[in-house]
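**Q** Need coordinates for the below:
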Amino acid sequence: MEINSLFDIFLEALIDSAKMIPLLLISYVGIELVEYKYANKIREAVQKAGVFGPAVGAVTGSFPQCGISVVASALYTQRLTTIGTLLAVYLSTSDEAIPVILSQPDKAEIIVPLVITKIIIAIIGGYAVDFAFRKSNKETLAHIKAYAEGSDNKQHNHEIILEEKACCGHSASPSSVEFNPKEIILHPIIHTAKVFVFILSVSFAINFAIAQMGEEAFENLFLGSSVFQPFLVALFGLIPNCAASVAITMLYLKGAITYGSVIAGLCASGGLGLLVLFKEEKDKKDVLSILLLLFGISVSAGYVIQYIIY
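**A** Model (predicted):
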């Protein structure tokens, strides 16, 4: 490929990506303000939900804040939430998907069905898992009740959940007691720049691939007509980084992957919450079980949507 053509492809990707910056920044500032006001209430709702955890986790997880999966993981490692609640949060959270879609107003109509689909999957998956683990959940539910009543073991240091960090060193559970300009203003700017780089990289790669091989061959590259696509996209979604959800969303918006596949990928995309789970959970077999359940539910949901509903 000629240098000029390569530059033209990069320039096109740069212009298209730059157009998204203002709406991305507005979205992240809005998310930050809501997080500032309600983050602790959201955390407390998940923490105190008990047997209603999967429903509460599914709804709260659907809000596009980067810290909810981190907080849910921290709560689970201290047994202040059930395994079904944790999975419900993972399944319903979309990481960067919603802000990326909002930055392209002509695509905004897909947000509501996407969010509703993921909430339904999260509720069904969360309650199914809690039912399967009902015996081991009894101790967790008793612990949640004791903590809520103030009769928990005083040696348990649950305040550590407030120390967990989400992306860009951002506090996972910002307190609404004091206004913090760094959290409210600086973090959205940093996060917008970070996501812009991801979007630019993915857009350039997609445009370059299409220019090199043509649209039909590009679609075949992602196994568009193959039964394996939801499986592979869900596997990619397990990468604990917001780049995964950005790439999955961009591929869907470009028409490279199906609706069933984007659901599978975004359901599996637990973001940095997965890293917190790896770091804080001492029982690594438990971590593996959670990952397998997350992957299995995500893939199953993707296939149901792709081959039965559509």
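**Q** Low-confidence stretches in the stretch 1-150 of the chain?
**A** For the stretch 1-150 of the chain, the stretches with pLDDT under 70 are 1-4, 65-66, 143, 147-150.
**Q** Could I get the full set of strands for it?
**A** Assigned by DSSP state E, counting those that start in this stretch, the stretch 1-150 of the chain shows no strands.
**Q** so where do the helices sit in it?
**A** Using DSSP state H, counting those that start in this stretch, the helices assigned to the stretch 1-150 of the chain run over residues 3-18, 21-48, 53-61, 68-77, 83-92, 97-102, 111-132, 134-149.
**Q** Export these to JSON lines and append columns for distance to E281 and mean neighbour count.
**A** All C-beta atoms are positioned from the backbone trio N, CA, C, and that covers glycine. Formatted as JSON lines, the helices of the stretch 1-150 of the chain follow (distance: least, Cβ to Cβ, whole Å; neighbours: other Cβ atoms under 10 Å):
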{"stretch": "helix 3-18", "distance to E281": "37", "mean neighbour count": "14"}
{"stretch": "helix 21-48", "distance to E281": "17", "mean neighbour count": "18"}
{"stretch": "helix 53-61", "distance to E281": "17", "mean neighbour count": "26"}
{"stretch": "helix 68-77", "distance to E281": "5", "mean neighbour count": "27"}
{"stretch": "helix 83-92", "distance to E281": "10", "mean neighbour count": "31"}
{"stretch": "helix 97-102", "distance to E281": "26", "mean neighbour count": "25"}
{"stretch": "helix 111-132", "distance to E281": "16", "mean neighbour count": "19"}
{"stretch": "helix 134-149", "distance to E281": "13", "mean neighbour count": "14"}
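**Q** Which residues are in contact with A97?
**A** Counting by Cβ atoms under 8 Å, 6 or more residues apart in numbering, A97 touches P64, L114, S245, V246, I248, T249, L266, S269.
**Q** Let me know the helix or strand that the residue nearest to it when sequence neighbours are not counted is in.
**A** Using Cβ to Cβ, 6 or more residues apart in numbering and skipping the chain neighbours, the partner closest in space to A97 is T249 (4.5 Å). If you go by DSSP states H and E, T249 is part of helix 242-253.
**Q** CA atoms of the helix or strand that that helix is followed by as CSV?
**A** Using DSSP H and E, the helix or strand that follows helix 242-253 towards the C-terminus is helix 259-268. C-alpha atoms of helix 259-268 as CSV (Å, rounded to 0.1, in the frame of the first residue of the first chain):
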residue,chain,number,x,y,z
TYR,A,259,-26.0,-8.5,17.8
GLY,A,260,-25.7,-11.9,19.5
SER,A,261,-21.9,-11.6,19.5
VAL,A,262,-21.8,-8.1,20.9
ILE,A,263,-24.1,-9.2,23.7
ALA,A,264,-21.8,-12.2,24.4
GLY,A,265,-18.8,-10.0,24.4
LEU,A,266,-20.2,-7.2,26.5
CYS,A,267,-21.7,-9.6,29.0
ALA,A,268,-18.3,-11.2,29.5
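**Q** and the very next helix or strand once past helix 259-268, what's its mean pLDDT?
**A** Using DSSP H and E, the helix or strand that follows helix 259-268 towards the C-terminus is helix 273-280. Regarding helix 273-280, the rounded mean pLDDT is 86.
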